[in-house]
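Q: please work out how this folds:
(chains A, B and C)
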Amino acid sequence: MEEKVPLMGDQCQVDIEFTQKYRSQLPGVIDEIVESCTKERAIAHYDTIMIPSKESVIEILEELKDILFPGYFRQQEIHAFSLSYHIGNVVNRLFEKLAAQIARSIRHECRRLHNPCTHCLDRGQKEALDFLKKIPALRETLAGDVQAAYDGDPAAKSLDEIIFSYPCMLAIMVYRMAHEIHIQEVPLLPRIMTEYAHGAAGIDIHPGAKIGKYFFIDHGTGVVIGETAEIGDRVKIYQGVTLGALSFPTDFQGNLIRGVKRHPTIEDDVTIYSNATILGPTVIGARSVIGGNVWITQNVPPDTVVTIEQPHLHYKGCKNLLASLGPDLETKKNPA
Amino acid sequence: MEEKVPLMGDQCQVDIEFTQKYRSQLPGVIDEIVESCTKERAIAHYDTIMIPSKESVIEILEELKDILFPGYFRQQEIHAFSLSYHIGNVVNRLFEKLAAQIARSIRHECRRLHNPCTHCLDRGQKEALDFLKKIPALRETLAGDVQAAYDGDPAAKSLDEIIFSYPCMLAIMVYRMAHEIHIQEVPLLPRIMTEYAHGAAGIDIHPGAKIGKYFFIDHGTGVVIGETAEIGDRVKIYQGVTLGALSFPTDFQGNLIRGVKRHPTIEDDVTIYSNATILGPTVIGARSVIGGNVWITQNVPPDTVVTIEQPHLHYKGCKNLLASLGPDLETKKNPA
Amino acid sequence: MEEKVPLMGDQCQVDIEFTQKYRSQLPGVIDEIVESCTKERAIAHYDTIMIPSKESVIEILEELKDILFPGYFRQQEIHAFSLSYHIGNVVNRLFEKLAAQIARSIRHECRRLHNPCTHCLDRGQKEALDFLKKIPALRETLAGDVQAAYDGDPAAKSLDEIIFSYPCMLAIMVYRMAHEIHIQEVPLLPRIMTEYAHGAAGIDIHPGAKIGKYFFIDHGTGVVIGETAEIGDRVKIYQGVTLGALSFPTDFQGNLIRGVKRHPTIEDDVTIYSNATILGPTVIGARSVIGGNVWITQNVPPDTVVTIEQPHLHYKGCKNLLASLGPDLETKKNPA
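A: Take a look at the predicted model:
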C-alpha cells in the first residue's frame, strides 16, 4: 500500500489560480515591510552610497581563479598563442570590477566612521592595480601550496587533481587574495571573500591571519583560523582544527577591544591533527606535532610531540546494553 | 622532465567524434532506466501531483534575503524614492512563488497520508500571505541577531560585514523563516529550506527547534540543533556544537516514534563552546557556560560553569617518536 | 548617532570613472602574469590537450540527479506518457557530456605518465555507456539508502523529504556514481565529483572507498571517509566521524607510497556516533557500536559497545570564575 499512488480529485490537477481575496491584502503587507525598512534601518541599505555587492565579489573570485590557475575552471580551451589574449581579457575585466568594489568598500567605511570621503574613486583604481601586480608572486605561493598538498596526501594522484577538486585549495587561494587586499587596508571586501570560501569549503580563515608557504589543510571541514593567528612555513593542518581566541579583552566600559593579538602562533614545520583546539596567543614551537583532539592553551617548545592520554575505553557485549545505550540499537533489525 | 609536456599524436588533437558503435546501444539503456523508474517508484516522482521544486525554494530564499536585508545582496542600488517599488515588486513575486510551493507541499502531504486533498490552492495563498505579514517582526528579530554577532565577535568590524558575509546569518535567517512556516503547519517546505542552509553554511538547524532572540553562532561549521531543541534569549554557540538526541523511543512494533521531545533545552544567556555535545531532553540552566569538548546528558543548574578535566598531555621530543607516531613525520623534510 | 546616515559630498555620488593613470599600467601587469604562467607551469593548463572542466562535471551531476530521482530537482513536471522522452533526452545529453569528460580525464592521465595516448576517444564513449548501463542498479541501491535514512532519523517525515533536502543524500549519491567510474579505472573525474559533494555537503568520501547497502550519514558535516575504507551493509554514521589513516608508508626514498590499505574496515550493522575517530587499517566487528568522541586505532570484535570513560566534569558557580574562564563572560550583560 505504501507504494500505491492514490488518484487525485480534479481540484488537485489544475495549477494554482490566484484569487483576489488574498491578493488584495498585499499592498497593506508591502506598506508594513517598507515601514519596517525605515525602522530597522541598521539592516536595510538604501539611499546612501554604493556598497559592495556580494554577487560582484563572487564574480571577481571566479575571474581570479581563472588567471591564477588558467585552463582549469572554465570550459574554454587555452593555447599558447591565445594565452596572452585570454589573460589580458580577464585582467581588464578584473581591474574594473575590483576597482569598483574596492571604492565601494572604502566609502562604506568612511560613512561608518563619519569621515569625509575624498579619494575613494582614485583609491579604488590604485588598490586594484597594486593588487593585480602581486598576482605573479601569489601564483608562485599557490604553486607551493599545491605541491604541499601533493606531498602530504597519499590519496592525491596528481597536482591537477588537487587544483581541480580540493576544497582546501579554494579556501587557501581565497585567503591569500583576501589577505593581500587586507594588507592594503581595504575594509569589508576581504572578509566577504573569505566568508564566501568558508561557506563553500567549510574552512574559516580570517583575512587578517598570516600564513607562510607550503600550507596544506587536509579534508578541512570545520577548520577555524582566527584574525591574529600566525602560521609559519610547511605547516599542515587536518579537519576540525581550531586556532581560536581564549578570552576577549574589554575596555573600561566593557566593550570588546578589537584588533589585539588573541590567536596562536604556529612556527615552521608543525603538523596539527584532526579536531585539535589551540586557543589564545599561544606559541607552538617549530617542528612540533599536535595530536588529534588535543586542547592546548599553553606554549609548546620546538620539536615536541603533544598527545592526549587516551581516555579509558569501555568494551562490552551489545546484548546487555540495549536499554542503557539508546539510539536506535533497539530499532535496527540485526541479522544476528 | 616532470614539467615537460609531451607532444600528442594526431588522435589526441581532434575533438571527440561519436561513433554508432556505442550510440546505437543508448535506446536499450534508456528503456532499462525508464523501467527502473516504474520499479523503484519510491524515488521517482512523476504522474502524480505537483510537488515542491528545490530550484523554486532556493529562488524564494533569494527573494526573501532581498526584503529582509534590502540593498545587501543584489547588484542593484536602492534609493528612498524607489524603496517601496522595489519591496512591492519582490513581495508580489514572493507571494506567487510561495503560494505555489506551499500548495504543492500540502498536496504532497495529503497524498502521502492518503487524505483527500481539498483546499490546497486556497491554503497555499492563505499561508503565504500569513507568512508575509510576519516579515516586519522577523526583520526586528534578525536585527537583534546581527547585533548579537557584533557584540560577540571581536573580529567583526561593522554590522554590514556580518550581514554581508557571516554564514551563520544565512543559517539563522533561513531557520527563522522556515520555523514560521513550520508553525503554520506547512509540511516539507521548511525542511527543504533549512537543509539548503545546512549545505551552504555547514549549520544544521531543524525548523522545529525554538530559538529566542539575540542568537549568535560563531564560525558555526558542524553545528547541529535538533527538531525539539529549545533555546532561550542571548544564547551563543560555537562551531561543532551538537544539541542532539540521546535515544529514539520506539512503539510496540519497534518503529520510531516521531515528534516527542528528544533534544536539550538551553535557557537564557547560556554560552556553549566549540565541539560541546549536549544530548537528550536535558536542561542547561540560565547563564551557565558549557566548556569546549564537554559531553553532557544530565541537567545543569543555572549559573554553572561546566568544564572537562583536561586529559593529561604527553610532551615528548620528536626524534624518539618517529616510528610510533606515524603520519608523515617521516616524509617531511625537516630543516633541523 | 550610530543610526544616522551622514550626507555625502558630491565626489561620492558619481559612479567610478576610470582614469588613464592606472589603466595605462595594465599591459605591463598582464605581461607579467602571462610570463608567470609560463614559469609556474605546473598550475597553468594550456596548449596541451583537453582536460576535464569542473563546470562540465557539475552539469553532469545535475543531469544524473535528474535520472536517478526523476521529478525531484527540476521545476518541470513529469508524467507517465512523457517519462521516457524525459529520460531519453537526459541520457542522450549525459552520454555526450560524460564521454567527453572521460576522454579528457584519460588523456590527462596519459600525458602525466608520458604514455602514448591511443584509444581515449573510443574509451570515453565505451566507459560512458558502461556507466549508464549501471544506472538501474544504482537506483536500487540509492532507494535503499533513502529508506535507511528514513528508518534511522525520527525527524524524517517522508522519503521525499529525504530526497529533497538531506545533504547526506547528495554526498552518498555522488560517491556511488564516482565509485563506479573509479572502478572503471577512469582517472581524475571521480575525485572531481566527490570533492564537489564535499564542498556542497561538508561530507568527504573518497571515490575509492567501498560502501555497502543501506548506508546513512546523519547530519554529516565533517565526516571523512578515506580512500581505502571498507564499509558493510546497514552502517550508520553521525556528523564529524573520521575513518582516516594512521600513518603513511614511504618508500626507500622517503616518498609516499600511494594505494595501500590505510583506512578502517567497518563490518555490517555498525553504528558510529558523532565525532568518533577511527584510524588505520582497523577492523570494527559486525553489529558493534562506537560511542561519540571515541578515538580508536585497534580492532574491535563483533557485538561490542565501545564508549569512552567520561572525563570528569567540573561544575562551579559562574561568579568566581570570571577571570580564569575568559571568553566574553565579562562582556555579556548578564541579567543576574
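Q: now the most centrally placed residue in chain A: closest residue in space, sequence neighbours ignored.
A: The centroid of chain A falls nearest to A:His198 when counting by Cα atoms, centre = their mean (2.3 Å). Counting by Cβ to Cβ, 6 or more residues apart in numbering or on different chains, the nearest residue to A:His198 once its immediate chain neighbours are dropped is A:Asp204, at 4.4 Å. Heads up, the C-betas are built off the backbone N, CA and C, glycines and all.
Q: and that neighbour, how many neighbours?
A: 25 (other Cβ atoms under 10 Å in any protein chain shown).
Q: wait, it sits on A:Thr221?
A: No - here A:Asp204 lies out of contact with A:Thr221, judged by Cβ atoms under 8 Å, at a distance of 10.3 Å.
Q: list residues touching both of those two?
A: Listed contacts common to A:Asp204 and A:Thr221 are B:Thr221; contacts here mean Cβ atoms under 8 Å, 6 or more residues apart in numbering or on different chains.
Q: wouldn't A:Ala229 be in contact with A:Pro264 here?
A: Yes - the pair A:Ala229 and A:Pro264 passes the contact test of Cβ under 8 Å, sitting 5.7 Å apart.
Q: what is in contact with these two at once?
A: With Cβ under 8 Å, 6+ apart as the test, A:Ala229 and A:Pro264 both reach A:Leu243.
Q: if you average pLDDT per helix and strand, which one of chain A comes out bottom?
A: helix A:322-325 (a mean of 40; mean pLDDT, DSSP states H and E).
Q: give me the domain ranges for chain A.
A: Annotated domains of chain A cover A:48-204, A:209-321 [automatic domain parsing].
Q: and the gap between A:Leu68 and C:Pro281?
A: From A:Leu68 across to C:Pro281, the span is 38 Å (Cβ to Cβ, to the nearest Å).
Q: pick out whichever of the two has more residues nearby.
A: In this view A:Leu68 and C:Pro281 are compared by other Cβ under 10 Å, and A:Leu68 has more residues nearby, 25 against 17.
Q: okay, the more buried one: pLDDT?
A: pLDDT, A:Leu68: 92.
Q: ok, it - contacts?
A: So A:Leu68 contacts A:Ile135, A:Leu138, A:Arg139, A:Leu142, A:Met173, C:Ile43 (Cβ under 8 Å, 6+ apart).
Q: please identify which of the residues you listed is nearest to chain B.
A: Nearest to chain B among the contacts of A:Leu68, counting by Cβ to the nearest Cβ, is C:Ile43 at 11.4 Å.
Q: one step back: restricting to C-alpha, output the host helix or strand of the residue nearest to the centre of chain A in CSV.
A: Take DSSP states H and E as the rule and A:His198 turns out to sit in helix A:189-201. Only the C-alpha atoms of helix A:189-201 are listed here, as CSV (Å, rounded to 0.1, in the frame of the first residue of the first chain):
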residue,chain,number,x,y,z
LEU,A,189,35.9,43.3,0.9
PRO,A,190,38.5,40.8,2.3
ARG,A,191,36.0,39.4,4.8
ILE,A,192,33.3,39.0,2.2
MET,A,193,35.8,37.0,0.2
THR,A,194,36.9,34.6,2.9
GLU,A,195,33.4,34.1,4.3
TYR,A,196,32.4,33.1,0.8
ALA,A,197,35.1,30.4,0.9
HIS,A,198,34.0,29.5,4.4
GLY,A,199,30.5,28.7,3.1
ALA,A,200,31.8,26.9,0.1
ALA,A,201,34.6,24.8,1.7
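Q: tell me the helix or strand right after the helix ranked longest in chain A.
A: Under DSSP state H, the helix in chain A containing the largest number of residues is helix A:80-112. Downstream of helix A:80-112, the next assigned helix or strand under DSSP H and E is helix A:120-133.
Q: any idea of the mean pLDDT for the very next helix or strand once past that next one?
A: Moving toward the C-terminus from helix A:120-133, the next helix or strand (DSSP H and E) is helix A:135-152. Averaging pLDDT along helix A:135-152 yields 95.
Q: list the buried residues of helix A:135-152.
A: A:135-136, A:138-139, A:141-152 (16 or more other Cβ atoms under 10 Å in any protein chain shown).
Q: elements contacting the helix holding A:His198?
A: Where contact means 3 or more Cβ pairs under 8 Å, 6 or more residues apart in numbering or on different chains; DSSP states H and E, helix A:189-201 is packed against helix A:54-68, helix A:80-112, helix A:167-183, strand A:204-205, helix B:159-165, helix B:167-183.
Q: get me the contact residues on the stretch 151-300 of chain A for chain C.
A: Proximity of the stretch 151-300 of chain A to chain C, by Cβ under 8 Å from any Cβ of the partner chain, involves residues A:151, A:154-161, A:163-167, A:170, A:200-202, A:219, A:221-222, A:239-240, A:245-248, A:250, A:254-256, A:274-275, A:280, A:292-293.
Q: mind checking which of those are buried?
A: Buried among these (16+ other Cβ under 10 Å): A:151, A:154-161, A:163-167, A:170, A:200-202, A:219, A:221-222, A:239-240, A:245-248, A:256, A:274-275, A:280, A:292-293.
Q: who does the helix or strand A:Thr307 falls within touch, helix- and strand-wise?
A: Element membership of A:Thr307, judged by DSSP H and E, is strand A:304-308. When contacts are defined as 3+ Cβ pairs under 8 Å, 6+ apart, strand A:304-308 packs onto strand A:289-290, strand B:313-317.
Q: wait, does the longest one contact chain C?
A: Yep, that's strand B:313-317 we're talking about. No - against chain C, strand B:313-317 shows no contacts by Cβ under 8 Å from any Cβ, the least distance being 13.0 Å.
Q: that strand - what's its average pLDDT?
A: 76.
Q: export that strand as CSV, just CAs?
A: Taking Å, rounded to 0.1, in the frame of the first residue of the first chain, the C-alpha atoms of strand B:313-317 are listed here in CSV:
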residue,chain,number,x,y,z
LEU,B,313,49.0,15.7,27.8
HIS,B,314,52.2,13.9,26.9
TYR,B,315,55.1,16.1,25.8
LYS,B,316,58.0,14.3,24.2
GLY,B,317,60.9,15.1,21.9
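Q: can you list contacts of it?
A: A:Val294, A:Ile296, A:Val300, A:Pro301, A:Asp303, A:Thr304, A:Val305, A:Val306, A:Thr307, A:Ile308, A:Glu309.
Q: how does it look with 10 Å?
A: With contact meaning Cβ atoms under 10 Å, 6 or more residues apart in numbering or on different chains, strand B:313-317 is reached by A:288-291, A:294-296, A:298, A:300-309, B:321, B:324-325.
Q: among the residues you listed, which ones are buried?
A: Buried among the contacts of strand B:313-317 by 16+ other Cβ under 10 Å: A:288-291, A:294-296, A:300, A:302-308, B:321, B:325.
Q: that older thread, so of the helices and strands packed on strand A:304-308, which one's packed in deepest?
A: Comparing the helices and strands packed on strand A:304-308 by mean neighbour count (mean count of other Cβ atoms under 10 Å in any protein chain shown), strand A:289-290 ranks first with a mean of 26.
Q: do that strand and chain B meet?
A: Yes - residues of strand A:289-290 contacting chain B under Cβ under 10 Å from any Cβ of the partner chain: A:Val289, A:Ile290.
Q: elements contacting that strand?
A: strand A:236-238, strand A:271-272, strand A:304-308 (3 or more Cβ pairs under 10 Å, 6 or more residues apart in numbering or on different chains; DSSP states H and E).
Q: in the stretch 151-300 of chain A, what residue lies closest to chain B?
A: Closest point on the stretch 151-300 of chain A to chain B, by Cβ to the nearest Cβ, is A:Glu195, at 3.6 Å.
Q: and for that residue, the neighbour number?
A: 28.
Q: show me the contacts for the residue nearest to it when sequence neighbours are not counted.
A: Leaving aside its chain neighbours, A:Glu195 sits nearest to B:Ser165 (3.6 Å; criterion: Cβ to Cβ, 6+ apart). By Cβ under 10 Å, 6+ apart, the contact list for B:Ser165 reads A:52, A:54, A:57, A:188-196, A:198-199, B:156.
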